[in-house]
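Engineer: Just need the structure, nothing else, for what follows:
(chains A and B)
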Number of protein chains: 2
Amino acid sequence: MPTSNPILIEVTRGARVESVHTGSIAIATPSGRLLLALGEVNRPVFARSAVKALQCLPLIESGAADHFGFGKAEIALACASHTGTDRHVALAASMLERAHLAERDLGCGAHAPMSPSAATVLIRAGGHPSQLHNNCSGKHAGMLATAVHLQEPTDRYWEVDHPVQRRIRRVMADLTGLDLGADMLGIDGCSVPTWAMPLSAMAQMFARLVTGEGLAAERQAAARRILEACWAEPELVAGAGRADTTVMRKLPGRIFMKTGAEGVYCGGFPELGIGFALKIDDGATRASAGTTIALIERILPDAKGLADRGHIKNWRGAEVGLIRTSPELERALDGLKL
Amino acid sequence: MPTSNPILIEVTRGARVESVHTGSIAIATPSGRLLLALGEVNRPVFARSAVKALQCLPLIESGAADHFGFGKAEIALACASHTGTDRHVALAASMLERAHLAERDLGCGAHAPMSPSAATVLIRAGGHPSQLHNNCSGKHAGMLATAVHLQEPTDRYWEVDHPVQRRIRRVMADLTGLDLGADMLGIDGCSVPTWAMPLSAMAQMFARLVTGEGLAAERQAAARRILEACWAEPELVAGAGRADTTVMRKLPGRIFMKTGAEGVYCGGFPELGIGFALKIDDGATRASAGTTIALIERILPDAKGLADRGHIKNWRGAEVGLIRTSPELERALDGLKL
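Structural biologist: As a prediction, the model looks like this:
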């Protein structure tokens, strides 16, 4: 049961703890050895956007990326939960154009840019959010490009039985050794399937992704190309002020990380040969990001002060509380042997 | 410990539970008899905006409301977490003007209107959020009017030692019988003190507020006037699409309810002579609102379908999950004897 999970993050106000976030964390090697299993790590959890880098593998492996001349920028955007700035939107549009498609072919739906300044500029110009502003538009453009390159239909490419989604399901199953039956299926906010997997399996999957261990040579090369793209273009993977961008800009090559909705976070440390996956029971991003930053600062001790995750301010800018790691999380990290 | 609290709300995706919210609920009579104590109800919890109706009592009791000609609309706005529409903003400005003050005298800070359409209109017009758009501007205008009427300084009226805040602290202490020492103090998002109180005491406080039981005649009348104002002007207490507005518009006189930040909800049922207070451990409003609606629908069985609290949709508008009550919450409500 999720409630048996420990408190990972405390939110304080004055001298008191006001709110708490429970959750679970797995850290694993490519062979699946668990170096940390805090809380319940065997219960399947929807991976959401945390596995976009895995969903991107067929774009490379199919030859579609090369065929359409997608470089590091396009590949990074295909792995992104982007903030909908002009640069993100223009690049997604150009990916579609190169595949002889357009915004109307997307199935992700429209939402306002996650970047507050981009959202303001759009409104001030009298514009309305398009599907290109959806944080997943790069992923969807990559899915469509793959379908076009393989001469598959592009309509309803988001459905679970479309070859594009079947291919992605196979990638997840291959890298985790899981069956991924229909009972593990959910539909993501952008309409494509999301699969529920234990954190232990997701941590192993990311250990394999960042090391290449246990992958065929072609997949190893594709994985490496995806990681290099995200490290080269961290602004495209998320956007200004977002943890994935801030941390990967500071530590390219040393950490790959990706947030997902409902409090999921995944990533890996290539030089240490480990992957991690975590889920906050209640789905709060303030807690999944706070836990992830704490984990990274502990695993890479030279990487302090990665992101401002600590301060609760009132509307006049005064600090009134903190978002901080719990004693239980600190103890678990203390005991971590890498 | 908060983690021993039961799951109150489940968030599903496909056939699986994706996220859960734990929390606690107290239902009490004016004398403090607990009719429901689900989870930990004796741990102090910051009341936040859930007690704005109590913070409004001195505005009435001091004679300030009458002196400045504040009617139901102004009193409802003084109890509000409003959405920053033109009507809310104009009314807050007029309250300040009648007290010979202006927007610059507020200490609540500025934030964008909570109403997405009001926020869009403001940006499109090239405007910027002022302190009047702050969801607490009516409460602050009421505090300032009280200070002016009592010839107290208006600068730094938000500080814990200012007479305005000392008076509010006394109201809370009177209605709960609590001491409210400095260890129970936090600073709210709008810069005024917020006090931590057990849910059991808050539930009793709301039972007293809605029945008048145990209150002196003058306070009884002030409480009644506040409730009547909120029932007469539910759009001013929150705004279109917000649960407090939707439910109190449907059930005036039968339920008083008020949301607070970090997953707090309080209210009372005058005809039944009971009050309630609840807190979601992780602070999520989707769960505090969902729990409150479920509670009301159970306690007033003729009041079904109060608010749409159930559907998680993707960006294309398809339903992909639900926000639903947990079996534990349903069992607790099944056992409720009123």
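Engineer: Show the low-confidence segments of chain A, by residue range.
Structural biologist: Applying pLDDT under 70 to chain A flags the ranges A:1-3, A:308-309.
Engineer: residue ranges for the helices of it, please.
Structural biologist: Per DSSP state H, chain A carries helices over the ranges A:52-55, A:57-61, A:64-67, A:72-78, A:86-98, A:116-124, A:137-149, A:163-176, A:199-211, A:217-232, A:234-237, A:243-250, A:285-299, A:327-334.
Engineer: Of these, give the one that comes closest to chain B.
Structural biologist: helix A:116-124 (4.5 Å; CB to the nearest CB). C-beta here means a position set from N, CA and C on the backbone, and glycine is covered the same way.
Engineer: same for that closest one, what does it pack against?
Structural biologist: Secondary-structure packing of helix A:116-124 (3 or more CB pairs under 8 Å, 6 or more residues apart in numbering or on different chains; DSSP states H and E): helix B:116-124.
Engineer: Can you point out the buried residues in the helix it packs on?
Structural biologist: B:Ala118, B:Ala119, B:Thr120, B:Leu122, B:Ile123 (16 or more other CB atoms under 10 Å in any protein chain shown).
Engineer: So which of these is the closest to B:Gly23?
Structural biologist: B:Ala119 (29.5 Å; CB to CB).
Engineer: give the contact list for the closest one.
Structural biologist: Contact partners of B:Ala119, counting by CB atoms under 8 Å, 6 or more residues apart in numbering or on different chains, are B:Gly84, B:Ala112, B:Pro113.
Engineer: From the buried residues of helix B:116-124, pick the one nearest chain A.
Structural biologist: For the buried residues of helix B:116-124, the closest approach to chain A (CB to the nearest CB) belongs to B:Ile123, at 4.5 Å.
Engineer: I'd assumed A:Ala125 was in contact with that closest one.
Structural biologist: No: in this structure B:Ile123 lies outside contact range of A:Ala125 using CB atoms under 8 Å: 10.2 Å.
Engineer: The residue in the stretch 1-150 of chain A that chain B sits nearest to: neighbour count?
Structural biologist: In the stretch 1-150 of chain A, no residue comes nearer to chain B than A:Gly109, which is 2.7 Å away by CB to the nearest CB. Using other CB atoms under 10 Å in any protein chain shown, A:Gly109 has 21 neighbouring residues.
Engineer: Any figure for the gap between it and A:Glu103?
Structural biologist: Note on A:Gly109: its distance to A:Glu103, by CB to CB, to the nearest Å, is 12 Å.
Engineer: which neighbours do the two share?
Structural biologist: In contact with both A:Gly109 and A:Glu103: A:Gln131, using CB under 8 Å, 6+ apart.
Engineer: follow-up on the earlier one: export the helices of chain A to JSON lines and tack on distance to B:Leu199?
Structural biologist: As requested, the helices of chain A are exported to JSON lines (distance: least, CB to CB, whole Å):
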{"stretch": "helix A:52-55", "distance to B:Leu199": "41"}
{"stretch": "helix A:57-61", "distance to B:Leu199": "49"}
{"stretch": "helix A:64-67", "distance to B:Leu199": "55"}
{"stretch": "helix A:72-78", "distance to B:Leu199": "47"}
{"stretch": "helix A:86-98", "distance to B:Leu199": "44"}
{"stretch": "helix A:116-124", "distance to B:Leu199": "35"}
{"stretch": "helix A:137-149", "distance to B:Leu199": "43"}
{"stretch": "helix A:163-176", "distance to B:Leu199": "43"}
{"stretch": "helix A:199-211", "distance to B:Leu199": "33"}
{"stretch": "helix A:217-232", "distance to B:Leu199": "46"}
{"stretch": "helix A:234-237", "distance to B:Leu199": "42"}
{"stretch": "helix A:243-250", "distance to B:Leu199": "34"}
{"stretch": "helix A:285-299", "distance to B:Leu199": "23"}
{"stretch": "helix A:327-334", "distance to B:Leu199": "24"}
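Engineer: hmm, stretch A:22-42 touching chain B?
Structural biologist: Yes: under the criterion of CB under 8 Å from any CB of the partner chain, chain B is reached by stretch A:22-42 at A:Thr22.
Engineer: ok, now stretch A:192-211?
Structural biologist: Yes: using CB under 8 Å from any CB, stretch A:192-211 reaches chain B at A:Thr194, A:Ala196.
Engineer: For the residue in the stretch 201-338 of chain A positioned nearest to chain B, which non-adjacent residue is spatially closest?
Structural biologist: Minimum separation of the stretch 201-338 of chain A from chain B (CB to the nearest CB) falls at A:Trp315, amounting to 2.7 Å. Among residues not flanking A:Trp315 along the chain, B:Gly109 sits closest, at 2.7 Å (CB to CB, 6 or more residues apart in numbering or on different chains).
Engineer: Surely the one you found touches B:Glu103?
Structural biologist: No: the pair B:Gly109 / B:Glu103 is not scored as a contact, 11.6 Å apart, by CB under 8 Å.
Engineer: Closest to A:Lys279 out of the buried residues of helix B:116-124?
Structural biologist: B:Ala119 (31.7 Å).
Engineer: can you tell me how far the closest one sits from A:Ala112?
Structural biologist: Separation of B:Ala119 from A:Ala112 (CB to CB): 10 Å.
Engineer: repeat for A:Gly268
Structural biologist: Taking CB to CB, one finds A:Gly268 at 32 Å from A:Ala112.
Engineer: one step back: what's the residue of the stretch 1-150 of chain A closest to chain B in contact with, if anything?
Structural biologist: Here A:Gly109 is in contact with A:Gln131, A:Asn134, A:Gly189, A:Cys190, A:Ser191, B:Asn314, B:Trp315, B:Arg316, B:Gly317 (CB under 8 Å, 6+ apart).
Engineer: thinking the fifth one is in contact with A:Leu106, fair?
Structural biologist: Think A:Ser191. No: applying CB under 8 Å, one finds A:Ser191 not in contact with A:Leu106, separated by 9.6 Å.
Engineer: The two: which is more packed in?
Structural biologist: Counted by other CB under 10 Å, A:Ser191 and A:Leu106 do not tie: A:Leu106 has more neighbours, with 26 against 23.
Engineer: Look at the nearest residue to the more buried one once chain neighbours are set aside and say how many residues are nearby.
Structural biologist: Distance criterion CB to CB, 6+ apart; nearest residue to A:Leu106, sequence neighbours excluded, is A:Gln131 at 4.1 Å. For A:Gln131, the neighbour count with other CB under 10 Å is 25.
Engineer: and what of A:Thr12?
Structural biologist: Residues lying near A:Thr12 (other CB under 10 Å) number 16.
Engineer: Could you do A:Ile274 as well?
Structural biologist: Neighbour tally, A:Ile274, other CB under 10 Å: 24.
Engineer: Kindly report the same for A:Thr246.
Structural biologist: 18.
Engineer: For the stretch 51-200 of chain A, which residues are neighbours of chain B?
Structural biologist: Contact residues (CB under 8 Å from any CB) of the stretch 51-200 of chain A with chain B: A:107-111, A:120, A:123-124, A:126, A:134, A:183-191, A:194, A:196.
Engineer: ok, of those, which come out buried?
Structural biologist: Here, 16+ other CB under 10 Å leaves A:107-111, A:120, A:123, A:134, A:184-191, A:194, A:196 buried among these.
Engineer: can you tell which of the helices of chain A is closest to B:Ala240?
Structural biologist: helix A:116-124 (19.2 Å).
Engineer: got the contact list for stretch A:208-219?
Structural biologist: Under CB under 8 Å, 6+ apart, the answer for stretch A:208-219 is A:30-31, A:53-54, A:57, A:61, A:175, A:207, A:220, A:223-224, A:226-227, A:256, A:267-270, A:273, A:275.
Engineer: how about a cut-off of 6 Å?
Structural biologist: By CB atoms under 6 Å, 6 or more residues apart in numbering or on different chains, the surrounding residues in contact with stretch A:208-219 are A:Pro30, A:Leu175, A:Gln220, A:Ala223, A:Phe256, A:Gly268, A:Pro270, A:Gly273.
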